[in-house]
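Undergrad: okay, predicted coordinates and the sequence, questions at the end:
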Amino acid sequence: MATKVIIDTDPGIDDAMAILFAWLVPSIEIVGLTTIFGNVSVEHATENALRLVEMMGADIPVAMGARRPLVQDLREYPDYVHGKNGFGDVLLGKPTSKSLDISAADFIIEQIMNHPNEISLVAIGPLTNLALALKKEPAIKQNVKEVIFMGGAVTANGNVNPAAEANMISDPHAADIVVTSDWPVTMIGLDVSHQIVMTESYLKEVHNESSFAGSFLHDISGFYLDFHRQYGVDGIYTHDPSTIAYLMDPNLFSIEEGEVRVVTEGIACGKTIMNRDQNKYGKTDWSGIPKLKVCMGVNNVGILELYRKTFINSKDNV
């Protein structure tokens, strides 16, 4: 039986890579895409999600989510990373389909409660929709199969500033709600995604232009490659697709468990801090909250081969 997945997303070049990766895996059933601000506005993210679904020829509902963070002001969109349209400024037509009438948070609640212990919730943008769903219906904590999110860093520097990773700083209050709630959470942060680099030659091999998925990703990844080259990276970091790889084969990652908090103000706003020394302290703000799984190591060769095989083996069908 295929794993039922909701992908909460702000497409986004690497978001598109993750969504197409999941779509090509027979053991994964995408039951919906929920959208969030982040790489672009939530309205633009919703259009991009609808475009992807239409290009895939898939019957996947899209629900639009929150327009802004829970508490702080909306940050500027990083168009220097993903382009103004989120897809490397590759021109695309407007989608012909529409998003659902219900919100992303309500869709998440509806699906989890209607399919208890069957839905894997994969979040690859800011965590606002998840926090809103938790506030509205706390019972999703006992009924979700698992939560996997891309964001944060424990041992690595951030990618927005030395402290913070982009998804965490975009809504740190929501992120802290998600990581301190009592549900099965796995965090995939920069600790592992910065270890997995897709080089230009690798991308050319995998994104074979004879297929829809490969051709589209080839077109949009040029902008992303140029951004990474500015910082001396010979390729692109594999952020969002790592969540799909984990869903397919968790054994590709090494895990530590511990309590995690997200800083919500000050110069370290958005920083994820894990209690890695369980017996050293007395009572702290980490005391009494549930532990979550944090990916700390990765078989980068295995991840790249899994992604490559998925695309190449599916190229005749997409």
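TA: Perfect, thanks for sending it.

Undergrad: which is the succeeding secondary structure element to the one helix or strand in the chain whose mean pLDDT sits lowest?
TA: Of all the helices and strands that make up the chain, helix 212-229 has the lowest average by mean pLDDT, DSSP states H and E, namely a mean of 88. Going down the chain from helix 212-229, the next helix or strand is strand 236-237, by DSSP states H and E.

Undergrad: what helices or strands is that following strand leaning on?
TA: Strand 236-237 sits against strand 197-198, helix 212-229, with contacts defined as 3 or more C-beta pairs under 8 Å, 6 or more residues apart in numbering; DSSP states H and E. For glycine as for every other residue, the C-beta is placed from the backbone atoms N, C-alpha and C.

Undergrad: make JSON lines from these and add distance to residue 176 and mean neighbour count to it.
TA: Shown next, in JSON lines, are the helices and strands packed on strand 236-237 (distance: least, C-beta to C-beta, whole Å; neighbours: other C-beta atoms under 10 Å):
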{"stretch": "strand 197-198", "distance to residue 176": "30", "mean neighbour count": "20"}
{"stretch": "helix 212-229", "distance to residue 176": "29", "mean neighbour count": "19"}
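
Undergrad: kindly reformat those as a markdown table containing distance to residue 152.
TA: Formatted as a markdown table, these follow (distance: least, C-beta to C-beta, whole Å):
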| stretch | distance to residue 152 |
| --- | --- |
| strand 197-198 | 19 |
| helix 212-229 | 20 |
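
Undergrad: quick check: which of these is nearest to residue 18?
TA: helix 212-229 (10.8 Å; C-beta to C-beta).

Undergrad: what comes into contact with the closest one?
TA: 13-14, 16-17, 20, 23-24, 55-56, 80-83, 87-90, 200, 203-204, 206-209, 235-237, 311, 314-315, 318 (C-beta atoms under 8 Å, 6 or more residues apart in numbering).

Undergrad: pull out the buried positions in stretch 142-160.
TA: 143-154, 158-160 (16 or more other C-beta atoms under 10 Å).

Undergrad: sitting in helices, which of those residues do you find?
TA: Using DSSP state H, residue 143 are the members of the buried residues of stretch 142-160 that sit in helices.

Undergrad: and which of the buried residues of stretch 142-160 is nearest to residue 274?
TA: Nearest to residue 274 among the buried residues of stretch 142-160, with distances taken as C-beta to C-beta, is residue 154, at 4.8 Å.

Undergrad: now the strands for the stretch 151-300 of the chain?
TA: 185-188, 197-198, 236-237, 253-258, 260-262, 272-274, 292-298 (DSSP state E, counting those that start in this stretch).

Undergrad: so what does the last one touch, helix or strand wise?
TA: When you say that, I think you mean strand 292-298. Secondary-structure packing of strand 292-298 (3+ C-beta pairs under 8 Å, 6+ apart): strand 185-188, helix 190-193, helix 241-248, strand 253-258.

Undergrad: neighbouring strands for the last one, and are they parallel or not?
TA: On the basis of DSSP bridges, the sheet neighbours of strand 253-258 come out as strand 292-298 (antiparallel).

Undergrad: any buried residues in the partner strand, and which?
TA: Buried, per 16+ other C-beta under 10 Å, within strand 292-298: 292-296, 298.

Undergrad: quick one, that strand and helix 241-248 angle?
TA: Counting by axes from the mean of the first three to the mean of the last three C-alpha atoms, to 10 degrees, strand 292-298 lies at 110 degrees to helix 241-248.

Undergrad: what's downstream of strand 292-298, the next helix or strand?
TA: Assignment by DSSP H and E places the next element after strand 292-298 at helix 300-314.

Undergrad: CA atoms only for that next one, dumped as CSV, please.
TA: What follows is helix 300-314, C-alpha atoms only, in CSV (Å, rounded to 0.1, in the frame of the first residue of the first chain):
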residue,chain,number,x,y,z
ASN,A,300,25.1,11.3,0.4
VAL,A,301,26.1,8.8,-2.3
GLY,A,302,23.0,6.8,-1.5
ILE,A,303,20.7,9.8,-1.7
LEU,A,304,22.0,10.9,-5.0
GLU,A,305,21.7,7.4,-6.5
LEU,A,306,18.1,7.1,-5.2
TYR,A,307,17.2,10.4,-6.8
ARG,A,308,19.0,9.5,-10.0
LYS,A,309,17.4,6.0,-10.3
THR,A,310,13.9,7.4,-9.6
PHE,A,311,14.1,10.0,-12.4
ILE,A,312,16.0,7.9,-15.0
ASN,A,313,13.8,4.8,-14.4
SER,A,314,10.7,6.9,-14.8
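
Undergrad: quick one: that helix to chain centroid distance?
TA: On the basis of C-alpha atoms, centre = their mean, to the nearest Å, helix 300-314 sits 18 Å off its chain's mean C-alpha point.

Undergrad: elements contacting it?
TA: Counting by 3+ C-beta pairs under 8 Å, 6+ apart, helix 300-314 packs on helix 13-23, strand 197-198, helix 200-206, helix 212-229, helix 241-248.

Undergrad: now tabulate the ones you listed in CSV and tack on distance to residue 265.
TA: CSV is the format used below for the helices and strands packed on helix 300-314 (distance: least, C-beta to C-beta, whole Å):
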stretch, distance to residue 265
helix 13-23, 28
strand 197-198, 33
helix 200-206, 39
helix 212-229, 29
helix 241-248, 28
